[in-house]
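Peer 1: Compute the structure for the input listed below.
(one chain, ligands or ions: 2)
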Amino acid sequence: MALSKAEEREHAEFSNKPLPISGKRGATIIGPTNPSREAENPDTLAPPRGDHGTMANMRWSFADSHMHLEEGGWGRQTTARELPSATEVAGVNMRLTPGGVRELHWHSAAEWAYMLKGRARITAIDQDGQAFQDDVGEGDLWYFPAGIPHSIQGLEPDGCEFLLIFDDGNFSEEATFLLSDWLAHTPKEVLAKNFGVPESAFDRIPEKDLWIFQAPVPGPLAADRVVGAGPAPNTFSHRMLAQEPIRMKGGTVRITDSSLFKASKTIAAALVEIEPGGMRELHWHPNADEWQYYISGQARMTVFAAENNARTFNFQAGDVGSVPFAMGHYIENIGTTILRFLEVFRSDHYADVSLAQWLAFTPYELVRAHLHIDQSVLSKVSTRKTPVVAG
Ligand code: MN
Ligand code: MN
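Peer 2: Ligands and ions are numbered 1, 2, ... in the order given. The predicted model follows:
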């Protein structure tokens, strides 16, 4: 349908305002509309021609997640309940004020974390009673195996905000084993017997769980060190951003899996940075679903799901993307700033298969019989064994 003169003027005036029009297909919206939301998702509003079929949703924004507010911080989660296509891992975005504590707790899933901003002190003990404490900052990770008790506390000057990943898509950060919750549900005489002290020692324990609460900012790490039965042999933290990245023309990649961060037995991750115009090349993963967290910039991703099905999604800071097991995809920087995101996998190792390498490393005559492309198309294919960001 051709645009009317008035629509053409409006389109020209708001050239950044996307319309559900692609070539001769589509028309303007004349009914109720949400322009800011449509502008965030131009490839949903006017999908590329190749999009087809009935595909599950693979995008969620933490901005749409319920906020759990407490004195000392907040938490919000993106689980299989918010994003049903992501069943292998769940994510939590959490903020702690200086001194704010995510209380001592444990849970049935393993916890991997990436510090987004600020600093925190983390503590844990392992099953041998060996103690761990560390201070973590932007770009640092931690990993607490399932069942291992731990805590997180914001440090000065402005506390911290981080992303938690759990190796179970149905996990809930509300369903954790909390120190205060357990003690509130244990008879006082049992507590007294357990610690060999009078019942009155427990007169002031909280009557209900704390989850997040405000506490004084802790002193220096050295002064807070407890060795327990000894220092934990497996460090539960890792400096991911400090890793030397793999540098390519279009961007950088840092990969952290159990080969580098020994404790992280069930979560592997890549931190990807893509220059404007660059693209994480067409590929898929032979070992797990992909769960993405967008840190900055603007992206689009088309997911290919076989049987004629493909769908394109847009992403920005605070968004989550999911790619079910083995589905083909690319991630393109469609903005004017660096695109930065995390790829997270429920696996002990990172792995991907590159479309370009597959074709370049297959007998050319066989490829030509399929696609009728010149051999020169495959002449620039990278032989690296790591993920490729095309420039
Ligand atoms: Mn936890
Ligand atoms: Mn991928």
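Peer 1: hang on, Ala90 packs against Ala80?
Peer 2: Yes: Ala90 is in contact with Ala80 according to Cβ atoms under 8 Å; the separation is 6.7 Å. To be clear about C-beta, it is placed using only N, CA and C from the backbone, and glycine gets the same treatment.
Peer 1: Tell me which of those two has more neighbours.
Peer 2: When neighbours are counted by other Cβ atoms under 10 Å, Ala90 comes out ahead of the other of Ala90 and Ala80, with 26 against 17.
Peer 1: Look at the residue lying closest to Val226 once chain neighbours are set aside and say how many residues are nearby.
Peer 2: Nearest-residue entry for Val226: Ala131, 5.1 Å, with adjacent residues in sequence omitted and distances by Cβ to Cβ, 6 or more residues apart in numbering. The burial metric for Ala131, expressed as a neighbour count using other Cβ under 10 Å, is 16.
Peer 1: Next: Ala223.
Peer 2: Here the number of neighbours of Ala223 (other Cβ under 10 Å) works out to 7.
Peer 1: Tell me if I am right that it is in a strand.
Peer 2: No: the assignment for Ala223 is helix, going by DSSP: H, G, I helix; E, B strand; the rest coil, so no strand is present there.
Peer 1: Now do the shared contacts for Ala90 and Ala80.
Peer 2: With contacts taken as Cβ atoms under 8 Å, 6 or more residues apart in numbering, the residues that reach both Ala90 and Ala80 are Gly169, Asn170.
Peer 1: how close does Pro84 sit to Phe345?
Peer 2: Pro84 is 19 Å from Phe345, where distance means Cβ to Cβ, to the nearest Å.
Peer 1: Which one's more surrounded, those two?
Peer 2: Counting neighbours by other Cβ under 10 Å for Pro84 and for Phe345 shows that Phe345 has the greater number, 27 against 14.
Peer 1: what is the more buried one paired to in the beta sheet?
Peer 2: As for beta bridges, Phe345 partners with Ala268 under DSSP bridges.
Peer 1: doesn't Ala299 make contact with Thr312?
Peer 2: No: using Cβ under 8 Å, Thr312 and Ala299 do not qualify as a contacting pair, with a distance of 10.7 Å.
Peer 1: which residues do those two both contact?
Peer 2: Shared contacts of Thr312 and Ala299 (Cβ under 8 Å, 6+ apart): none.
Peer 1: check contacts around Leu45.
Peer 2: Each residue near Leu45 by Cβ under 8 Å, 6+ apart is listed here: Pro18, Leu19, Pro20, Glu38.
Peer 1: the helices in this structure, which residues?
Peer 2: 5-13, 35-40, 42-45, 179-184, 188-195, 221-224, 355-360, 364-371 (DSSP state H).
Peer 1: Could you say which of these is packed most deeply?
Peer 2: Most buried of the helices of the chain by mean neighbour count (mean count of other Cβ atoms under 10 Å) is helix 42-45; its value is a mean of 19.
Peer 1: for it, what is the average pLDDT?
Peer 2: Across helix 42-45, the average pLDDT comes to 96.
Peer 1: Output that helix as CSV, restricted to C-alpha atoms.
Peer 2: Extracted C-alpha coordinates of helix 42-45, given in CSV (Å, rounded to 0.1, in the frame of the first residue of the first chain):
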residue,chain,number,x,y,z
PRO,A,42,11.7,-2.2,14.7
ASP,A,43,12.3,-5.7,13.5
THR,A,44,9.2,-6.9,15.3
LEU,A,45,7.1,-4.1,13.8
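Peer 1: What's the separation between the residue lying closest to Ala269 once chain neighbours are set aside and Thr79?
Peer 2: Spatial nearest neighbour of Ala269, excluding adjacent residues (Cβ to Cβ, 6+ apart): Val344 at 4.9 Å. Relative to Thr79, Val344 is positioned 14 Å away (Cβ to Cβ).
Peer 1: Settle it for me: which of these two has more neighbours?
Peer 2: Just comparing Val344 and Thr79: by other Cβ under 10 Å the higher neighbour count belongs to Val344, 26 against 22.
Peer 1: Check which residues of stretch 228-247 are buried.
Peer 2: Using 16 or more other Cβ atoms under 10 Å as the test for burial, stretch 228-247 gives Ala232, Phe236, Ser237, His238, Met240, Gln243, Ile246.
Peer 1: Just give me the closest of those residues to Glu290.
Peer 2: For Glu290, the closest of those turns out to be Met240, at 17.1 Å, with distances computed as Cβ to Cβ.
Peer 1: dump the residue contacts of the nearest residue to Asp43 once chain neighbours are set aside.
Peer 2: The shortest distance from Asp43 to any residue other than its chain neighbours is 4.1 Å, reached at Thr312 (Cβ to Cβ, 6+ apart). For Thr312, the contacting residues are Asp43, Thr44, Pro47, Pro48, Asp51, Arg300, Met301, Thr302, Val303, by Cβ under 8 Å, 6+ apart.
Peer 1: partners of Thr312 in the sheet?
Peer 2: Taking DSSP bridges, one obtains Thr302 as the residues bridged to Thr312.
Peer 1: how about the nearest residue to Ile125 once chain neighbours are set aside, what does it touch?
Peer 2: Distances taken as Cβ to Cβ, 6+ apart put Ala131 closest to Ile125, at 5.2 Å, once the chain neighbours are dropped. Taking Cβ under 8 Å, 6+ apart as the contact definition, Ala131 lies against Thr123, Ala124, Ile125, Val226, Val227, Gly228, Ala229, Gly230, Pro231, Ala232.
Peer 1: can you do 6 Å?
Peer 2: If a contact means Cβ atoms under 6 Å, 6 or more residues apart in numbering, then Ala131 has Ile125, Val226, Val227, Gly228 as its contacts.
Peer 1: What about these, which one has the most neighbours?
Peer 2: Among the contacts of Ala131, the one with the most neighbours (other Cβ under 10 Å) is Ile125, at 17 neighbours.
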